[in-house]
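A.B. asks: quick one, what's the 3D model for this:
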Amino acid sequence: MPDPLMPGQLIKDDPEPSLVVRNLQRRFKVDRRKLEFFLSRVAGSTGADESSATLALVGDARIQALNRDYRGYDKPTDVLSFHGVGESEDYLGDIVISVETAYRQARRRGSNLKRELEVLTLHGFLHLLGYDHETDDGEMRRIEYRLRRRFRLTIPRCAA
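C.D. replies: Numbers count the residues shown, from 1 in each chain. Model (predicted):
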């Protein structure tokens, strides 16, 4: 049986567009349905409402392993995005968020976990759409800040 956190393994090929949140951690209480609704709002606001994607909520150990295996950084991070490989053309890919890291970041920023998870979801989804803040001369940052204002997520945050 494949590891459910291997990129492209989070949901099966589904003929209907779907945005799925999987809570694979138990340390923090997260309202999966509200986060799924937020993810659908993000998809609609970016013109990707006919696409599918999966958001997995994990702990630091799980995201550290993914960060090490796929990016070469042996440390936890807040969010990773993996483009859909071998899936239907409407499947954008997987977003993986460490809820532990999100919680620490929220506390540092004077925010709350719900808001931080929404900020990271938006950021990860933009990566699935092909934006890359490291190479695009600020295009992703401008789009992200515009959408953060629309969704009332305006507490400043450092780039991931």
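
A.B. asks: what's the spacing between Thr101 and Arg152?
C.D. replies: 22 Å (C-beta to C-beta, to the nearest Å). Just so you know, the C-beta spots here come from the backbone N, C-alpha and C atoms, and that holds for glycine as well.

A.B. asks: between those two, which has more neighbouring residues?
C.D. replies: Ranked by neighbour count (other C-beta atoms under 10 Å), Thr101 and Arg152 place Thr101 first, with 21 against 9.

A.B. asks: how about the contacts made by the nearest residue in space to that one that is not next to it in sequence?
C.D. replies: Leaving aside its chain neighbours, Thr101 sits nearest to Asp78 (4.6 Å; criterion: C-beta to C-beta, 6 or more residues apart in numbering). Contacts for Asp78 (C-beta atoms under 8 Å, 6 or more residues apart in numbering) come out as Ile97, Ser98, Thr101, Ala102, Gln105, Leu120, Ala160.

A.B. asks: let's see which of the residues you listed end up in helices.
C.D. replies: Thr101, Ala102, Gln105, Leu120 (DSSP state H).

A.B. asks: list buried residues within those.
C.D. replies: In the ones in helices among the contacts of Asp78, burial by neighbour count holds for Thr101, Ala102, Gln105, Leu120, counting by 16 or more other C-beta atoms under 10 Å.
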